[in-house]
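Student: got a sequence here, can you build the structure:
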Amino acid sequence: QLQLVESGGGLVQPGGSLRLSCAASGFTLNLVAIGWFRQAPGKEREGVSCISSSGGSTNYADSVKGRFAISRDNAKNTVYLQMNSLKPEDTAVYYCAAVRKLYGCSRRYDTYDYWGQGTQVTVSS
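Tutor: Residues are numbered from 1 along each chain as shown. Model (predicted):
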């Protein structure tokens, strides 16, 4: 059974940092592209970042460019989202998602077949 499990969310002050993890089971992570998405209450799901199966291609939303960094450790079957200089508007539930047989990566949510359960990130003083 293919599963993705996010972790690392929590409460952080503005300007702080968090590192989210997306751990895969039931399949080999280096065969899939991974996307990170977020959804705040009353807002549409937003594609934050993505990384190709090889790790050679990444993409970021303008709202997080220069502050967030996506990476993957295929030996650990885990993808990370390092979030720095966090702002209150980054508050949301963050999800990771996977898709097979994709060239490059995509921040479109309808590209992805497998989703994690999400982890809450709250940025507040």
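Student: which residues does the residue nearest the centre of the chain contact?
Tutor: Centroid-nearest residue in the chain, with Cα atoms, centre = their mean: residue 36, separated by 2.5 Å. Each residue near residue 36 by Cβ atoms under 8 Å, 6 or more residues apart in numbering is listed here: 20, 22, 47-50, 70, 79, 81, 94-97. For glycine as for every other residue, the C-beta is placed from the backbone atoms N, C-alpha and C.
Student: turn those residues into JSON lines, including secondary structure, neighbour count and distance to residue 110.
Tutor: Compiled in JSON lines, the contacts of residue 36 are given as follows (DSSP: H, G, I helix; E, B strand; the rest coil; neighbours: other Cβ atoms under 10 Å; distance: Cβ to Cβ, whole Å):
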{"residue": "20", "secondary structure": "strand", "neighbour count": "24", "distance to residue 110": "22"}
{"residue": "22", "secondary structure": "strand", "neighbour count": "27", "distance to residue 110": "19"}
{"residue": "47", "secondary structure": "strand", "neighbour count": "20", "distance to residue 110": "10"}
{"residue": "48", "secondary structure": "strand", "neighbour count": "25", "distance to residue 110": "16"}
{"residue": "49", "secondary structure": "strand", "neighbour count": "24", "distance to residue 110": "17"}
{"residue": "50", "secondary structure": "strand", "neighbour count": "28", "distance to residue 110": "13"}
{"residue": "70", "secondary structure": "strand", "neighbour count": "24", "distance to residue 110": "20"}
{"residue": "79", "secondary structure": "strand", "neighbour count": "29", "distance to residue 110": "20"}
{"residue": "81", "secondary structure": "strand", "neighbour count": "25", "distance to residue 110": "20"}
{"residue": "94", "secondary structure": "strand", "neighbour count": "23", "distance to residue 110": "18"}
{"residue": "95", "secondary structure": "strand", "neighbour count": "23", "distance to residue 110": "14"}
{"residue": "96", "secondary structure": "strand", "neighbour count": "31", "distance to residue 110": "16"}
{"residue": "97", "secondary structure": "strand", "neighbour count": "23", "distance to residue 110": "10"}
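Student: of the residues you listed, which is the nearest to residue 41?
Tutor: The nearest member of those to residue 41, counting by Cβ to Cβ, is residue 94 at 13.6 Å.
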